[in-house]
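K.L.:
kindly return the folded structure for what I paste below:
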Amino acid sequence: MLLWCGMLLLALPTQATHLVGGHIEMRPIGTTPGQYRITITNYFENNNSGQQANGGSVGIFRKRDNMLMMSFITTESTIRKPIIFANEKCAEQRKLNFIVATFAATITLNPATYNDPQGYYISYQTRNRNAGVNNITNPTGTGYTFYLEFPALTQNGQPFLNGSPRFPDINGEYICRGDAFTFHFGGTDPDGDELRYSMITPLNYRTNGVGPGPYPTVSWASGYGANNAIPGNPTLRVDPKTGELSVTATQIGLFVFAVNVEEFRNGQKIGEVRRDFQLLVVDCPPATIPRAVVKAETYPATAQSFTICPTKSVSLVANTNPTWYYQWQRDGLNLPGDTLPTLRATLPGEYEVVVSSKLSCVKASSSQSMSVTVFNIDARVDSSGHLCATSGTVSLSLADAPNQTYRWFVNGTLRAGATRPLLTTSGPGQFQPEITNTRYGCQIRADLRIVWRSEPMQASLSSSQTALCPNGSLTLRGAGGVNYVWAMGNTPQTGSTATFEAKTAGTYNLTAIDQYGCEGIATPLAIGQIPTITPTLDPVTPVCGTANPAVTLRGAPAGGQGTVGEYAGEGAASAGVLNGTFDPARAGIGDHVLTYTVRPAPWCEAVVTRQTAIVAPIPTIALPDTVKTWAGNSITLEPLLTGNPNQFWWSPAAFLADENSAVAQIVDIQHDTTYYFRVANAIGCEARDTVRVLVFSRIWVPDAFTPNRDGHNDVLELKGVEGFTLAEMTVLDRWGEVVYRSTDGYRTPFDGTFQGQPLPAGNYVYVLKPAPSYQTLRGRVVIMR
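P.N.:
Sure, this is the predicted structure:
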């Protein structure tokens, strides 16, 4: 708010500008975060220019980087009203005539957007100051910036609610040089925040519109500054706590200045608002009008302090003089319209009347102060308890204070005997206490208090099912209250929430309790028990190979309550189960886990039993048809087996070390023998095979051969050597040189060559050892070409 005080017409040029000051207020609307009413208060000269002034553009900026957040237009929000001067004649002679105009806009700010910790500011810029201002340079080229800071709307994740300080209407005043002068300039904070006041240099304007800070300050004339805006002893200063201005001026003139009002919460600054002022200092006439004398009707003439009831008043009467103007003040502020010698005071405060002459401009005078206190009867009615549908009580209580009597009216009728500050009722109705203070005679009726009875509680108890599964629980759900009492039959159960886990069959009862303690009983709910089911599945006879018919699966019981048992297979076995049968061909070779699943009831957990169906492989045997050896030799027959056989039979038992081994150990065989071999796996799947063991007793060596590569008799063929797998054969020429040697059973016969070259025809010596236990044979062989 801008406060203007006094301006001497003769000190101003005839084309003086109309604006003399102003300030910004930011008021939250209700409790909705982000909704505000922004008000620009202006003080104008009451002339054509002032009458034509209107609202303007206002900007909101972020302090951190001066970024424009939004701009808006204000429009006139109230009827313009005059500033009241206590000394009406002097104000009239000096042409001191000013009005207050307010311009406002309702805005919505998003708290999620306005969350910068450094805060934001609002500015309104306009021009120009009065040409007659004495303490700044180039006043007509100097304008105003009305400035307000506010904090982030969201802090620590929560909405931060705050409004700017508020300032009352001001008095019209001027300063008499040489006289001590005080001026009420403080405000109040609706949030209870601390306000700190300090003198500050007024702001100039940058543009006649919306523009960001920082804003320039006015240029002080030589010898002036923020703390010496009005020369004096003392100079103009502000009380840092109350905001009251004081000065004893030593120089006449028109002086501008500003006060910064900072807002603190819990020791932290959260905002500020600047207020521009200008005050006129004049030489006042030495004559002073006599002081008015004020008395209170019906009180002693010397009484200056009065206590009245809230609905009463005290009539203050000043001595009457037809040549005087009267202006009543309360707490130093002019009361609009109270300009008669009498005043009916109804509010607490310090009252005085300022009288001034109707005939000439002389100093006004003030009466003695009359202190009015309004006795406050605490008529708050506290209540406790509640009336339920059929029970309960409510206690209504007042603050018990001395010198007070009490009466209670119920449904408009005085209740006999109810004379205490406490009344307890068990029935509904309209209750109103009457309080009388016997010392001051004050009587007040508190606001009507209506006591009502709750509707009957509608408690309910339900569950998704009506029976417990084996080894299971069932969630019971209550509704209709905020707390609950559970019981099974007559047995109380633990828990007070809206849900209860039932684990035992029985009848459950529920009492629901609302926020007032009223109770409602739900319809009992019977919970049954689903019998335990132990399913079985008949074993499936193992089969050999997949070429077997499908087997019908047989499980018991057929199902539960409202359910049917289901057959399935685990893993690869699932392919073999179809329509209650197991098909080996679909399942394939392997051990297959079959399942039979039964649910005791549709909402119960399934119970599963298992059987293993074996589709065993059919064994196979791989043996040579014939094995050759020599008489007396020991050999091993090791067949290649599949199908996991684990039982073995060899027959006949002749020459066998173990006729039930997978590998046949033949010892010292003496003659040809045909062996029969049978195997079986664990399931009993069998396979059979035979092998013929040929036994050779000697080797025949020919006398000659013809290695001429005609396909006949080209190698030295040893008849019967195939039975001697360890036979060693050596051939030497006539000089005893070895020309051929074999140690592997004569697998590569002698072809009459040595180192790839044909040997000459002639006689050669051979040395043949058929087997380790056989006698070595020697003889001659002829190569013929």
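
K.L.:
C-alpha from now on. contacts and neighbour counts both.
P.N.:
OK.

K.L.:
could you report the separation of the residue most central in space within the chain from Ala112?
P.N.:
Central residue of the chain (CA atoms, centre = their mean): Gly157, 10.4 Å from the mean position. In this view, Gly157 and Ala112 are 9 Å apart by CA to CA, to the nearest Å.

K.L.:
please apply the same query to Ile621.
P.N.:
For Ile621 relative to Ala112 (CA to CA), the value is 84 Å.

K.L.:
same question, Arg599
P.N.:
When Arg599 is compared with Ala112 (using CA to CA), they lie 54 Å apart.

K.L.:
repeat for Thr673
P.N.:
103 Å.

K.L.:
hang on, Phe167 packs against Thr188?
P.N.:
Yes - using CA atoms under 8 Å, Phe167 is in contact with Thr188, at 6.6 Å.

K.L.:
next, count neighbours for Tyr124.
P.N.:
When neighbours are counted by other CA atoms under 10 Å, Tyr124 registers 25.

K.L.:
any chance of the backbone angles for it?
P.N.:
Backbone torsions of Tyr124, given as degrees, to the nearest 10, read phi -130, psi 120.

K.L.:
got the domain boundaries for this structure?
P.N.:
Using automatic domain parsing, the domain ranges for the chain come out as 3-282, 294-374, 382-451, 460-529, 536-605, 620-696, 704-783.

K.L.:
nearest to Thr288, of these?
P.N.:
Closest to Thr288 of these, according to CA to CA: domain 294-374, at 4.6 Å.

K.L.:
go through this protein and flag its longest strand.
P.N.:
strand 268-282 (DSSP state E).

K.L.:
buried residues in that one?
P.N.:
For strand 268-282, burial by neighbour count (16 or more other CA atoms under 10 Å) applies to 269-282.

K.L.:
which member of these is positioned nearest Ala657?
P.N.:
Ile270 (107.8 Å).

K.L.:
backbone phi and psi for the closest residue to Ala550 other than its chain neighbours, please?
P.N.:
Once flanking residues are discounted, Ala550 sits nearest to Asp583: 4.1 Å by CA to CA, 6 or more residues apart in numbering. The phi/psi pair for Asp583 (degrees, to the nearest 10) reads phi -110, psi 110.

K.L.:
Asp583 reaches Gly576, doesn't it?
P.N.:
Yes - under the criterion of CA under 8 Å, Asp583 makes contact with Gly576 at 5.0 Å.

K.L.:
partners of Ala568 in the sheet?
P.N.:
Listed by DSSP bridges, the beta-bridge partners for Ala568 are Thr595.

K.L.:
so who does it touch?
P.N.:
Listed by CA atoms under 8 Å, 6 or more residues apart in numbering, the contact set of Ala568 reads 574, 577-578, 594-596.

K.L.:
could you save those residues as TSV and add columns showing pLDDT and neighbour count?
P.N.:
Listed next are these as TSV, based on pLDDT from 0 to 100; neighbours: other CA atoms under 10 Å:
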residue	pLDDT	neighbour count
Ser574	92	18
Val577	95	24
Leu578	94	16
Leu594	96	24
Thr595	96	23
Tyr596	96	26
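
K.L.:
looking at the residues you listed, spot the one nearest Lys312.
P.N.:
Tyr596 (93.6 Å).

K.L.:
identify the residue nearest the closest one in space, chain neighbours excluded?
P.N.:
Nearest non-adjacent residue to Tyr596 (CA to CA, 6+ apart): Tyr567, at 4.7 Å.

K.L.:
cool, and Pro202?
P.N.:
Distances taken as CA to CA, 6+ apart place Ala258 nearest to Pro202, at 5.2 Å, with adjacent residues excluded.

K.L.:
and the host helix or strand of the one you found, what's its mean pLDDT?
P.N.:
Assigned by DSSP states H and E, Ala258 falls within strand 253-265. For strand 253-265, mean pLDDT rounds to 96.

K.L.:
could you list the low-confidence segments of the stretch 501-650 of the chain?
P.N.:
Applying pLDDT under 70 to the stretch 501-650 of the chain flags no residue at all.

K.L.:
that one: helices as residue ranges?
P.N.:
Ranges of helices within the stretch 501-650 of the chain are 584-587, based on DSSP state H, counting those that start in this stretch.

K.L.:
now for the longest strand of the chain, which elements pack on it?
P.N.:
If contacts are counted by 3 or more CA pairs under 8 Å, 6 or more residues apart in numbering; DSSP states H and E, strand 268-282 sits against strand 3-5, strand 19-28, strand 144-150, strand 175-176, strand 253-265.

K.L.:
what packs against whichever helix or strand comes after that strand?
P.N.:
Note on strand 268-282: by DSSP H and E, the next helix or strand toward the C-terminus is strand 294-296. Applying 3+ CA pairs under 8 Å, 6+ apart, one finds that strand 294-296 contacts strand 314-318.

K.L.:
give the contact list for the residue nearest to Tyr596.
P.N.:
Counted by CA under 8 Å, 6+ apart, Tyr567 has contacts 553, 577, 579-580, 594-597.

K.L.:
6 Å instead?
P.N.:
Shown in contact with Tyr567 (CA atoms under 6 Å, 6 or more residues apart in numbering): 580, 595-596.

K.L.:
and Gly779, by the same measure?
P.N.:
Gly779 neighbours (CA under 6 Å, 6+ apart): 765-766.

K.L.:
and with 8 Å instead?
P.N.:
So Gly779 contacts 765-767 (CA under 8 Å, 6+ apart).

K.L.:
how far does whatever helix or strand it lives in sit from its chain's centre?
P.N.:
If you go by DSSP H and E, Gly779 is part of strand 777-783. How far strand 777-783 lies from its chain's middle: 108 Å, per CA atoms, centre = their mean, to the nearest Å.

K.L.:
what lines up beside that strand in the sheet?
P.N.:
Sheet pairing for strand 777-783, assigned by DSSP bridges, gives strand 704-705 (parallel), strand 762-769 (antiparallel).

K.L.:
so Arg275 touches Gly243, yeah?
P.N.:
No - assessed by CA under 8 Å, Arg275 is found out of contact with Gly243, at 11.3 Å.

K.L.:
what about the closest residue in space to Asn228 that isn't next to it in sequence, distance to Val281?
P.N.:
Leaving aside its sequence neighbours, Asn228 sits nearest to Thr235 (CA to CA, 6+ apart; 5.8 Å). To Val281, Thr235 is 12 Å away according to CA to CA.

K.L.:
where does the prediction get shaky in the protein?
P.N.:
If you take pLDDT under 70 as the line, the chain has these spans: 1-18.

K.L.:
change it to 50
P.N.:
Within the chain, the stretches with pLDDT under 50 are 1-16.

K.L.:
what residues of stretch 620-627 count as buried?
P.N.:
Within stretch 620-627, the residues that qualify as buried are 620-621, 623, 627, counting by 16+ other CA under 10 Å.

K.L.:
ugh, wrong one, I meant stretch 233-245
P.N.:
Of the residues in stretch 233-245, 235-238, 240, 243-245 count as buried by neighbour count, 16+ other CA under 10 Å.

K.L.:
same question, stretch 36-55
P.N.:
By neighbour count on 16+ other CA under 10 Å, the buried set for stretch 36-55 is 36, 38-46, 50, 55.

K.L.:
now do the end-to-end distance for it.
P.N.:
First-to-last residue span, stretch 36-55, CA to CA: 17 Å.

K.L.:
chain center to it, what's the gap?
P.N.:
Its chain's C-alpha centre and that of stretch 36-55 lie 47 Å apart, by CA atoms, centre = their mean.

K.L.:
ok, stretch 177-193 next?
P.N.:
47 Å.

K.L.:
now name the helix or strand holding Phe500.
P.N.:
strand 499-502.

K.L.:
pull up the pairing partners for that strand, direction included.
P.N.:
Looking at strand 499-502 with DSSP bridges, its partner strands are strand 474-479 (antiparallel).
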